Structures are given as C-alpha cells and as structure tokens.
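1. Task: produce atomic coordinates for the following.
(one chain, ligands or ions: 1)
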Amino acid sequence: MRVQTPVAVDVSDWKLLDRRAIVRIIRTLNKVYGFEEYATKRMRKANPFRVLIGVILSHQTTDEISHPATTRLFKHVKTPQQFVKLGVRGVDRLIKNVNYHPTKARRIVAISKMLIEKFGGRVPANREKLMELPGVGGKSAAIILSFGFGIPTIGVDTHVNRISQRLGLVPKGAKPEKTQPIIEKLIPEKYHLTLNHLFVTFGKDICKSKKPQCHSCPVYKFCKYERKEYFKNLPPKVVLKA
Ligand code: SF4
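-> Numbers count the residues shown, from 1 in each chain. Predicted coordinates:
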C-alpha cells in the first residue's frame, strides 16, 4: 500500500539534485550499517500500538530515555483497554523520567480511549486517521506507518532533516513538512522504509548535529555541506592525561 503525501512539490528544477548520487549514498550507508536486513526483520515483528506509544514518548525526549520507558510501560500493560484501566496517574508513574510526562500520560490515555471508541481498539494504518489522534502530527504518522505497518513512507525527524539539507537533497532551512514530500519523491520507494532509521543511525554516529565527523564520513564525496572541508580538517580532540 502506498501513502499519498498531502503536499505536492515540484522538484524538477532542483539544482542540487543528483538521483544517482542519492542512491549511491543510501547504498553506501546501508552497507556500512548493515541496515536493510535489520530494519526489515524489525518491521516484520512490529506492534503498531507499541510504536504509536513509543512515538508519543519520544517527543522532545532522547531515545535513551524514551525506549526504556516504552519497554517499562508495556511490561505492565499491552492493549488500549489496559491503558485506559491503568489511568493517567498509573501511566504517569511509569514514565516519570520522560520530558512532559504528565501531558504525555494524559495523551496516551486519551489516545487509547479514542482507539477503542473510534477505531475498534486498533491503530489505523492511514495517515489522516492517525493524525486525528491527540499528539500525532504528520511526522509521527509517517513513523508509525513505516515502523508499525511497514508502509513505505519516510518519517522526517531532526536527523533526517539535517542530513537531507547537508547532503543537498532539500534546500537549506527546509522544515520537516517540506523535506518529507521532496525526499519521498527523490528517493526510490524501496528505500523509504529504512531511510529514517538509516539517517538517524548515521546522524548519531557520524553526521552529528554540532560536530559532524566529516573526516571519517563514507559519503563525503557526495555531500554538499559548505562546511564539510572545515570539519574534515578540524584537529582531533586532545585528551589530557592525568
Ligand atoms: S561530509 Fe560531513 S556533513 Fe556531509 S554527510 Fe558526511 S558527516 Fe555529514
């Protein structure tokens, strides 16, 4: 099933575009991280409700905090009905170290109620319906569709957006809402499912936000980032011995 993006973007005259280079970048990174196989296996086993709750917990919270919180929650409760029964205070108690936990606890219980009342207790595999749920925007919906259902779509978070700009796939300063339809059009569909995870991994490992490791970047030659030379030549960090 293919998801239609709501925003039509004409990329025919996008100057920095080089489709063959994009495919080579993705293939190179997939090879470096052995990613395609990992993501496919992961998606086969996915539970869309768990993915949805994980996405809510991940808003403005690092993966290191939100992933264990999701695991903790699902050790106690597994279905929307059980979340409703646990209630806002019960959910809140289990996610205390997550940013904005009171709001997220309220949201999670409200989502669970809405799933029961409107969607037969199941997470809908549809972007517009997902966006009816409290706290689910376009970016979250894309992540739920790809990781929860294996539907080819690209979730654009801060890593995907930053890397897309540095590589020259989208104009500098593009917002995630603008980046998503452009890269979904540029990148062949067979790579959509794995792209978010691939760029997130790459973004945490090498193409970091503040100090990209351009000197050891496997896709350096394709990159359009104007400061890549500077970061490549940055002297290695001096570690003082005690
Ligand atoms: S060369 Fe630097 S900025 Fe470009 S993709 Fe690699 S790490 Fe990121």
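
2. and H76, what does it touch?
-> 86, 94 (Cβ atoms under 8 Å, 6 or more residues apart in numbering). Using the backbone N, CA and C atoms, a C-beta is placed for each residue, glycine as well.

3. Next secondary structure after the helix or strand of the chain with the lowest mean pLDDT?
-> One helix or strand of the chain scores below all others by mean pLDDT, DSSP states H and E: helix 35-44, with a mean of 58. For helix 35-44, the following helix or strand on the C-terminal side (DSSP states H and E) is helix 48-58.

4. Quick check: buried residues in the next helix or strand after that next one?
-> Per DSSP H and E, helix 48-58 leads on to helix 63-76 as the next helix or strand towards the C-terminus. Using 16 or more other Cβ atoms under 10 Å as the test for burial, helix 63-76 gives 66, 69-70, 73-74.

5. what's the answer for stretch 131-147, then?
-> For stretch 131-147, by 16+ other Cβ under 10 Å, it's 133, 135-136, 138-147.

6. and what of stretch 176-191?
-> Buried, per 16+ other Cβ under 10 Å, within stretch 176-191: 176, 178-184, 186-187, 191.

7. and what of stretch 92-100?
-> 92, 94-95, 98.

8. wait, which of those residues is closest to the ligand?
-> The ligand lies nearest to V98 out of the buried residues of stretch 92-100, by Cβ to the nearest ligand atom, at 29.2 Å.

9. For that closest one, give me its contacts.
-> Taking Cβ under 8 Å, 6+ apart as the test, what V98 contacts is 57, 61, 65-66, 69, 104.

10. Least confident of these?
-> Ranked by pLDDT, the contacts of V98 bottom out at T61, which has 90.

11. what's the distance between it and the ligand?
-> Remark: distance between T61 and the ligand (Cβ to the nearest ligand atom, to the nearest Å) = 24 Å.

12. same thing with C207?
-> 3 Å.

13. Quick check: which element contains the closest residue in space to that residue that isn't next to it in sequence?
-> Closest residue to C207 apart from its sequence neighbours, by Cβ to Cβ, 6 or more residues apart in numbering: I163 at 5.2 Å. Here I163, judged by DSSP H and E, is contained in helix 158-167.

14. swap in K172?
-> Judged by DSSP H and E, K172 forms part of no helix or strand.
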